[in-house]
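Trainee: My questions concern the predicted model and sequence given below.
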Amino acid sequence: MMNNLFSIFDPSTNIFNFSINWMSSFLGLLFIPFSFWLIPNRHFILWNNIIKKLHNEFKILLNFDNNKGSTFIFISLFSFILFNNFLGLFPYIFTSTSHLSISLTLSLSMWLTFMLFGWINNSKHMFIHMIPQGTPSILMPFMVLIETISNIIRPGTLAIRLTANMIAGHLLLTLLSNTGNIMSTYLLVFLIITQIILLMLESAVAIIQSYVITILSTLYSSETN
């Protein structure tokens, strides 16, 4: 019996005194052997087409001629977040992306890398980017302050966006499922249909959030070039 509603998001939940919840982040590795088959199956062909589409889209956002191979970083980020979001929809699988310890680690590490690369290699461009073109001289100090604050909070907004969306959907599904014991048969059928619709919505959210996080990270990276 669940003592606390938020215990489903508690990473300290254990089985036989072994805290194995965070092992769910590595379940995506089980999908890798499909790419080594001599005759690719339909799943691999579908996933390969998705990667090609993402690669072509990221090339438009990035200066691919000077940063060849940089798109694979963001494709890997998309794959990791997508796998963890989807695996969290299955029963008894811990959703690691619903915790700031994972989402903030991803966003903060990438943001620090972008900032170090930009300020070391393109310092002049980074200073120019802090003041939009056409800004009056009297407003320049305020614009520098505003741009600095908006730049600092970027990793936090990325992490909170992913975490909040993952928690909200799982929490709603849990709240509705806990009311099934006190419902009549007719209402229970309606509840099951509602749960299926919400599960389909959560599947769409899992895809959209992984895509949004990756696109925003790509845009932040393009600003340092």
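Mentor: That came through fine. Residues are numbered from 1 along each chain as shown.
Trainee: what's the helix or strand bottoming out on mean pLDDT in the chain packed up against?
Mentor: Within the chain, confidence by mean pLDDT, DSSP states H and E is lowest for helix 123-129 among all helices and strands, at a mean of 76. Secondary-structure packing of helix 123-129 (3 or more CB pairs under 8 Å, 6 or more residues apart in numbering; DSSP states H and E): helix 100-121. C-beta here means a position set from N, CA and C on the backbone, and glycine is covered the same way.
Trainee: Report the rounded mean pLDDT for the helix it packs on.
Mentor: Averaging pLDDT along helix 100-121 gives 87.
Trainee: how about it: buried residues?
Mentor: 102-104, 106-108, 110-111, 114-115, 118 (16 or more other CB atoms under 10 Å).
Trainee: For M130, state which of those residues is nearest.
Mentor: Nearest to M130 among the buried residues of helix 100-121 is G118, at 11.3 Å by CB to CB.
Trainee: Skip the chain neighbours and tell me the closest residue to that closest one.
Mentor: For G118, ignoring the flanking residues on the chain, the nearest one in space by CB to CB, 6 or more residues apart in numbering is T224 at 3.1 Å.
Trainee: mind listing what the one you found touches?
Mentor: The contact partners of T224, taken as CB atoms under 8 Å, 6 or more residues apart in numbering, are 114-115, 117-118, 122, 125-126.
Trainee: Tell me the helix or strand right after the strand or helix carrying F44.
Mentor: Assigned by DSSP states H and E, F44 falls within helix 42-61. Proceeding N to C from helix 42-61, the next assigned helix or strand is helix 71-87, under DSSP H and E.
Trainee: contacting residues around that next one?
Mentor: Outside helix 71-87, the residues touching it (CB under 8 Å, 6+ apart) are 24-25, 27-28, 31, 51, 54-55, 58-59, 62, 64, 93, 95-97, 102, 106, 110, 162, 166, 203, 205-207, 209-211, 213-214, 217-218, 221.
Trainee: Can you flag the buried ones in these?
Mentor: The buried subset of those (16+ other CB under 10 Å) comprises 24-25, 27-28, 51, 54, 58, 62, 95-97, 102, 106, 110, 162, 166, 205-206, 209-210, 213-214, 217-218, 221.
Trainee: Just the ones in helices from those, please.
Mentor: Among those, the members falling in helices are 51, 54, 58, 102, 106, 110, 162, 166, 205-206, 209-210, 213-214, 217-218, 221 (criterion: DSSP state H).
Trainee: which residue packs closest to E202, ignoring adjacent ones?
Mentor: E202 sits nearest to G169 (CB to CB, 6+ apart), 4.3 Å away.
Trainee: and the one you found, that one's in a helix?
Mentor: Yes - under DSSP: H, G, I helix; E, B strand; the rest coil, G169 falls within a helix.
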